[in-house]
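Colleague: Structure for the following, please:
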Amino acid sequence: MGKTYAMLDEGQRRRERGTDVVVAFVDTHGRPRTEALAQRLEVVPAHRRVIGTEVVEQLDLPAVLARRPAVALVDDLARPNTPGTPHRWCFEDVEELLAAGIDVVTTVDISQIDSVRDVVERILGDTSSCVVPDSLVRGAEQVELIDMTPQALRRRVTHGNVVAPERIDAALVSSHREDTLTALRELALLWVADQVEERLHHGPDAAPFRAHRETRERIVVALTGAPSGAHLIRRASRLAQRSSSELIGVHVRGVGQELADEERDRLEQHRVLLSSFGGSLHEVVDADPAQALVEFARGRHATQIVMGTSHRSRWVEFRSGSIVSRVLRSAREIDVHVISDDEHAPPRPGSRRHPMLLPLRRRILGLFVGLVGIVLLTSVLAGIHPATSLSTDLLLFLLVVLAVALIGGVVAGVVTALVSFLAATWFLTPPLHTFTVAVGQDLVALITFFIVSLVMSLLVSQLARRSGDAERSRMEAEGLARAAASLVGSEQAVSEILAVLRRSFDRRGVVLVLPSDDGWQIDAQAGDAIDITDRRLPEIFIPGGGRLIHDGPPLSADDDRVLHAFCATLGTALERRRLQREAAEAAAAAQGDQLRTAILRAVSHDLRTPLSSIKASASSLLQTDVDWPPEAQREFLLTIDEEADRLNTVVGNLLDMSRLEAGVVRPARDLVDVAETVWSSLSSLSESTSTVEVAIADGLPPVVADQALLQQAVANLVANALRHGSSSDGGVLLLARRVGATVELRVVDHGPGLRPHDRERLFEPFQRLGDRAGGAGVGLGLAVARGFIEAMAGSLHLEDTDGGGLTAVVVMPAGDHPSMED
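Modeller: Numbering: from 1, shown residues only. Here you go, the predicted model:
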């Protein structure tokens, strides 16, 4: 509010400074002060068009271009133009004015900016069809926010300064509620603040601001997984609270570095602690931790860095330098706080850069194969010496070294290379049985063999490690894919993810616990039972408040990282399950509301109508002051009889539907004669069945069903066909025949029929598609029929009748089929 007045005031200020300003278009909304201010400026007459009985004004673009002022004032940037004009929107007129070299001062609502359209829709419940592209507004030379408190704006509405008097009450309780105005005001402030910060850091004059000042304090706390991390976070949080700063945690991990399990666990605890203080934890991988920390802080426009003192030994700092000193030298404009922590001064466990991937059994096997292979090969070569040359002997030893490195890893390969070097020198190099080498070429060959053996051992070991990494990555990807796939259409997604997790990470047992009123409760588990009170077992916090406790061999850092990814997927599965339960509860509540409404309708009309007819007929018969003729008395008695049958049908359907909804229908499995059931169904109807034709195939076998339920279902189908499907072209036809292992009963009518997408709705309770308002029944007949038939292992569906109409097809299992025999 107040944008138009502020625009005109800006135009007046520029005119007083000597700028050529015109009002290209303004909508004063009949406000006297706004009209008075507009009259003090030159106004280009608006273009008027008559649409129906309404006169519409809009910007006269050719007139403004012909006038060619220095500045044009254009009100309502998102305003639509009338059909037939060159441009559809007012902002397109503004773009043409800008292209012509005319500066424009214009107005726009926050609700009319395209990028916040979805947010405005959540606030207001709807959104304006008139929007302005963000690129146009963001490209403005200057954006000014016209701000007003919600309380002041509501006072303006109350005084009649915003909407017409007859719309004041409606506006105060809808679009101008205080919470709505507060949300829109916050959105406008955030949008403008975002533009200010964008220009501050990325505009043409941004460098001086980045170097010397920040409009918002941001504190980055450096974490390594050490025990002192919690102390650093709390200290940084106190600094952030004093200046209302944003708190950001970062962990810089070296390339190829793998953290110990306890460091991973502490980092997860630090993540939770940061979240409780309103912060977040990020991870950066870089070979230079100090430079990476400073670059991360600059990328987040941080003003302060909080880090702890180094616990590394002096020898390590002498070799690789002090990270604290390098951060202090590189930070320049960023303040650095170095926090001491004597409590955790002892050196923390070192990170495992190159974990031993091969199991101990395989390494021992490699050493055993190497020693046995060298003994055997040396014995053979010594026995045939000097039939083979030294170079041939060394090549054979090299093959043994390569095989051992492939089996047992680098350590076994190096040990085998050393033993091979010594064996070749002692047993195969003249003079024999000494470590003296007489010929210089033999010495070069031995040294070359030893070096090549060491290099090949390292290469083969790395190849095995890379192959293991690739296989593990493939298994991790497959596990994550299976976990993600379990989220789609699975009711047991949580249990399936736990099973995949246990198999992928070789866990003995995995359990998911969720908070409850009595503490922690087991929600799902896989593998062996786990004592959830055992604090020694590793646990991971799940998004949403749960914990994953697992038991098994220690995990490497990479495995732990992927396990956390699994936990994120597990959190998604928990959230999906919660939403499904809420949706099911909402659907059940809606169905309950529908049931209550329909029952009330049945009581108020479908039960009351026959009762009223019975009451009126009985009262007429009981009158003593009127001598009714026999024909009238018979008519009253027939009315009582028909309405009683109708009442019995309605009450019976309501009771049957309640039994189906409660799941208490337990049908018998008897051999039922179809013909007998059909004729019994017809005789039970209150409607006339003179137009019903029955055709039952000869030799039709009995069906496996409950005769009472099947009779009621067929009666409901025939009654529905008689009410809605009979016409002058034909009545209702009942056909029964055998189809394979089933018996098919068709109820054919020649009524108007139904569209295919309405057929399933016809089986929903209380549906009366195409009924008249006063039609009989409550729309339960077909729902009860399908419920009874499906309870007896049959099926019921609808098809089109040839020539028009609808056919209900009942399929029941035949009683003489071998699969039906006990």
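Colleague: show me the contacts for residue 391.
Modeller: Counting by Cβ atoms under 8 Å, 6 or more residues apart in numbering, residue 391 touches residue 445. Heads up, the C-betas are built off the backbone N, CA and C, glycines and all.
Colleague: That one: helix or strand, and which one exactly?
Modeller: helix 390-408 (DSSP states H and E).
Colleague: Where do the helices of the stretch 301-450 of the chain begin and end?
Modeller: All helices of the stretch 301-450 of the chain, identified by DSSP state H, counting those that start in this stretch, fall at 314-320, 323-331, 360-384, 390-408, 410-423, 440-486.
Colleague: Could you dump these into JSON lines with distance to residue 627 added?
Modeller: Output for these, formatted as JSON lines (distance: least, Cβ to Cβ, whole Å):
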{"stretch": "helix 314-320", "distance to residue 627": "122"}
{"stretch": "helix 323-331", "distance to residue 627": "114"}
{"stretch": "helix 360-384", "distance to residue 627": "112"}
{"stretch": "helix 390-408", "distance to residue 627": "118"}
{"stretch": "helix 410-423", "distance to residue 627": "121"}
{"stretch": "helix 440-486", "distance to residue 627": "81"}
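Colleague: Would you reformat those helices as JSON lines and include mean pLDDT and distance to residue 795?
Modeller: Formatted as JSON lines, the helices of the stretch 301-450 of the chain follow (pLDDT from 0 to 100; distance: least, Cβ to Cβ, whole Å):
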{"stretch": "helix 314-320", "mean pLDDT": "63", "distance to residue 795": "76"}
{"stretch": "helix 323-331", "mean pLDDT": "86", "distance to residue 795": "74"}
{"stretch": "helix 360-384", "mean pLDDT": "87", "distance to residue 795": "60"}
{"stretch": "helix 390-408", "mean pLDDT": "87", "distance to residue 795": "63"}
{"stretch": "helix 410-423", "mean pLDDT": "88", "distance to residue 795": "68"}
{"stretch": "helix 440-486", "mean pLDDT": "74", "distance to residue 795": "31"}
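Colleague: So residue 105 sits against residue 73, correct?
Modeller: Yes: with contact defined as Cβ atoms under 8 Å, residue 105 and residue 73 form a contacting pair (5.2 Å).
Colleague: Give me the common contacts of these two.
Modeller: With Cβ under 8 Å, 6+ apart as the test, residue 105 and residue 73 both reach 7, 10-11.
Colleague: pLDDT score assigned to residue 716?
Modeller: Here, the pLDDT recorded for residue 716 equals 82.
Colleague: elements contacting the host helix or strand of it?
Modeller: Using DSSP H and E, residue 716 maps to helix 707-724. The elements that helix 707-724 packs onto, with contact taken as 3 or more Cβ pairs under 8 Å, 6 or more residues apart in numbering; DSSP states H and E, are helix 630-662, strand 670-672, helix 674-683, strand 732-739, strand 742-748, helix 781-791, strand 806-813.
Colleague: can I get the ones you listed in a markdown table with mean neighbour count?
Modeller: Shown next, in a markdown table, are those (neighbours: other Cβ atoms under 10 Å):
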| stretch | mean neighbour count |
| --- | --- |
| helix 630-662 | 16 |
| strand 670-672 | 17 |
| helix 674-683 | 18 |
| strand 732-739 | 18 |
| strand 742-748 | 22 |
| helix 781-791 | 22 |
| strand 806-813 | 21 |
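Colleague: circling back to that earlier point, now the helix holding residue 391: buried residues?
Modeller: By neighbour count on 16 or more other Cβ atoms under 10 Å, the buried set for helix 390-408 is 390, 393-394, 396-398, 400-408.
Colleague: CA atoms of that helix as CSV?
Modeller: Written as CSV, here are the backbone C-alpha positions of helix 390-408 (Å, rounded to 0.1, in the frame of the first residue of the first chain):
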residue,chain,number,x,y,z
LEU,A,390,70.4,-65.9,-13.4
SER,A,391,68.0,-63.7,-15.4
THR,A,392,65.7,-66.7,-15.9
ASP,A,393,65.8,-67.6,-12.3
LEU,A,394,65.0,-64.0,-11.2
LEU,A,395,62.0,-63.9,-13.7
LEU,A,396,60.6,-67.0,-12.1
PHE,A,397,61.0,-65.5,-8.6
LEU,A,398,59.2,-62.4,-9.9
LEU,A,399,56.2,-64.5,-10.9
VAL,A,400,56.1,-65.8,-7.3
VAL,A,401,56.2,-62.3,-5.9
LEU,A,402,53.4,-61.1,-8.2
ALA,A,403,51.2,-64.0,-7.2
VAL,A,404,51.8,-63.4,-3.5
ALA,A,405,51.1,-59.7,-3.8
LEU,A,406,47.9,-60.5,-5.6
ILE,A,407,46.8,-62.9,-2.8
GLY,A,408,48.2,-61.3,0.3
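Colleague: could you check the angle helix 360-384 makes with that helix?
Modeller: In terms of direction (axes from the mean of the first three to the mean of the last three Cα atoms, to 10 degrees), helix 390-408 departs from helix 360-384 by 160 degrees.
Colleague: So residue 249 belongs to a helix, correct?
Modeller: No: using DSSP: H, G, I helix; E, B strand; the rest coil, the assignment for residue 249 is strand, not a helix.
Colleague: Distance of it relative to residue 333?
Modeller: 21 Å (Cβ to Cβ, to the nearest Å).
Colleague: out of those two, which sits in the busier spot?
Modeller: Between residue 249 and residue 333, residue 249 has the larger neighbour count (other Cβ atoms under 10 Å), namely 26 against 11.
Colleague: Now do the SS call for the closest residue to that one other than its chain neighbours.
Modeller: Spatial nearest neighbour of residue 249, chain neighbours left out: residue 281 (4.1 Å); criterion: Cβ to Cβ, 6 or more residues apart in numbering. Three-state assignment for residue 281 (three-state DSSP): strand.
Colleague: check contacts around residue 281.
Modeller: Applying Cβ under 8 Å, 6+ apart to residue 281 gives the contacts 223, 249-251, 267, 270-271, 274.
Colleague: Please report how far it lies from residue 269.
Modeller: To residue 269, residue 281 is 10 Å away according to Cβ to Cβ.
Colleague: Surely residue 522 is in a strand?
Modeller: Yes: assignment of residue 522 by three-state DSSP places it within a strand.
Colleague: if I pick it, what's in contact with it?
Modeller: Residues in contact with residue 522 (Cβ under 8 Å, 6+ apart) are 511-513, 532.
Colleague: So in terms of bridging, what pairs with it?
Modeller: residue 513 (DSSP bridges).
Colleague: How many neighbouring residues does residue 123 have?
Modeller: Residue 123 has 20 neighbours, counted by other Cβ under 10 Å.
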